[in-house]
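>>> heads up, no residue letters with this:
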């Protein structure tokens, strides 16, 4: 077949992946299989615990629709000139093969556009608009990648790509907007589809949440079993038929007795330490916990969180400790820091000369900082303050007041009189932070994570503040995106804790873009 009429004719032989020649000499064909199966099973268990059944259903169905509509479009356009997939010969054209990873990448775009959040499902009009928008972006990105790479894995015929976009958007709208609601309503009528949850708290929000769950709806699959609250008598009804099952310390015991599958925290009159303990325990039991509390108001207000019955809830998972996440973080840290140091090496030289020529003292500011699990490490910056500025007693007192006073708000605390002649410029554009890439390369820091803490500041932290260092500190983080606001110290810690429990490529990309926007706007020192 000619190149103008369809995809190139070369094929990938899928059978080669199973050929005995690919098995190392002396190894059993089954060698290592139990480990891989166990690893895959653990990933599936985490997914099933972390996400609701309806979210997982949509992820799978969206993926199948994107891949399936692409295959049907190719079949309709090129039949009978070419077989898209030859099952008997285990062959597939490269354009179809590429769609499998491309569709998986598009699911990240779906997630970014809130297509897996309940608050969008409840608005059919905006749900439909977002579906059309995201498929339009999918087509544009596909065409751009083909234009930029000219690779044979892309379809050269743009009309076919546009046809796929239209076909996919129509099928997605029909499935999600027209069929998904009634289908979910039928599934929810079966007890197995509903997730049994316990509500921690008995206040107004807790009661409204429980009543709404009992009333049902096409997109609400939670079944409230009861409540836990230290201020309410056990075994007495909070709502008709829904008792307080015990104290908050009984969560683990009640979970086993009542087959609880999730928790929703609605406590407001609770300390940060106790709230963090409850989040930790619930996340370890279920893999996730949804939180609505005045203590987490900054997250509910400033982050794009989901809602239950118009009430914002923050989803907290377990501290990311899987080998897959660890590998992803270290790989991106190594590649990002090495590339950054190589590309910016001329900038390093210019800044070093400027620091040396404009003020007395060393080029680098080297100090001990607190990082992962409270460990100390050497922290590097280009010096932007005069020598001895870190001994400024007045600034240290102001920082201590900011940390220990829960009501005090402040942006970055800097004494302008102690800046070097170019110190303000370096801090304005975050140029003084560039040597931290060496900390990342050495493994003491990550590109994205909580802000590393000076030892004197760490010593006055509350215990719950220190939970943010359950992961490596970072050059930037979610805290950076909100640092210019008049935040309380507790709010900045909550941003770090939220990141530690929700880290992933999509959130990292969001933080990276937000950080670049702040730097290029000249507001890095705010």
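That came through fine. Here the structure is a predicted model, which means the values were calculated and not measured.

>>> check what pLDDT residue 80 gets.
On pLDDT, residue 80 comes in at 57.

>>> from residue 204, how far out is the closest residue to residue 481 other than its chain neighbours?
Distance criterion C-beta to C-beta, 6 or more residues apart in numbering; nearest residue to residue 481, sequence neighbours excluded, is residue 514 at 4.3 Å. Where you see a C-beta, it was placed from the backbone N, CA and C, and this is true even at glycine. From residue 514 across to residue 204, the span is 34 Å (C-beta to C-beta, to the nearest Å).

>>> for these two, work out which one has more neighbours and name it.
residue 514 (15 against 10; other C-beta atoms under 10 Å).

>>> so that one, which state does it fall into?
Classification of residue 514 using DSSP: H, G, I helix; E, B strand; the rest coil returns helix.

>>> per-residue confidence for it?
We have a pLDDT of 91 for residue 514.

>>> just the strands in the stretch 51-200 of the chain please.
Ranges of strands in the stretch 51-200 of the chain, per DSSP state E, counting those that start in this stretch, are 85-86, 91-92, 195-200.

>>> mean neighbour count added to these, as JSON lines?
Below are those laid out as JSON lines (neighbours: other C-beta atoms under 10 Å):
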{"stretch": "strand 85-86", "mean neighbour count": "14"}
{"stretch": "strand 91-92", "mean neighbour count": "19"}
{"stretch": "strand 195-200", "mean neighbour count": "22"}
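
>>> just put the ones you listed in TSV and tack on distance to residue 272 and mean pLDDT.
TSV is the format used below for these (distance: least, C-beta to C-beta, whole Å; pLDDT from 0 to 100):
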stretch	distance to residue 272	mean pLDDT
strand 85-86	55	64
strand 91-92	54	72
strand 195-200	15	92
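
>>> save those strands as JSON lines, and put in distance to residue 291 too.
Formatted as JSON lines, these follow (distance: least, C-beta to C-beta, whole Å):
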{"stretch": "strand 85-86", "distance to residue 291": "46"}
{"stretch": "strand 91-92", "distance to residue 291": "45"}
{"stretch": "strand 195-200", "distance to residue 291": "9"}
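
>>> compare these and report which one is nearest to residue 210.
Of all these, strand 195-200 sits nearest to residue 210, with 5.9 Å by C-beta to C-beta.

>>> so which of the strands of the stretch 51-200 of the chain comes closest to residue 498?
Nearest of these (C-beta to C-beta): strand 195-200, 18.4 Å.

>>> check what contacts that closest one and list those residues.
For strand 195-200, contacts defined as C-beta atoms under 8 Å, 6 or more residues apart in numbering pick out 52-53, 206, 209-210, 221-229, 245, 248, 251, 254-255, 258-267, 278, 282.

>>> 7 Å instead?
By C-beta atoms under 7 Å, 6 or more residues apart in numbering, the residues outside strand 195-200 that reach it are 52, 206, 209-210, 221-228, 248, 254, 259-267, 278.

>>> tell me which strands that strand pairs with, and in which orientation.
Strand 195-200 has these partner strands in its sheet, going by DSSP bridges: strand 222-228 (parallel), strand 262-265 (parallel).

>>> comparing those, which comes out most buried?
Ranked by mean neighbour count, the strands paired with strand 195-200 are led by strand 262-265 with a mean of 24 (mean count of other C-beta atoms under 10 Å).

>>> chain center to that strand, what's the gap?
Distance of strand 262-265 from the chain centroid (C-alpha atoms, centre = their mean, to the nearest Å) equals 20 Å.

>>> quick one: average pLDDT of it?
pLDDT averaged over strand 262-265 gives 93.

>>> after it, next one along is what?
Next helix or strand after strand 262-265 toward the C-terminus (DSSP states H and E): helix 272-286.

>>> now that next one: buried residues?
Residues of helix 272-286 classed as buried: 272, 275, 276, 277, 278, 279, 280, 281, 282, 283, 285, 286 (neighbour count, 16 or more other C-beta atoms under 10 Å).
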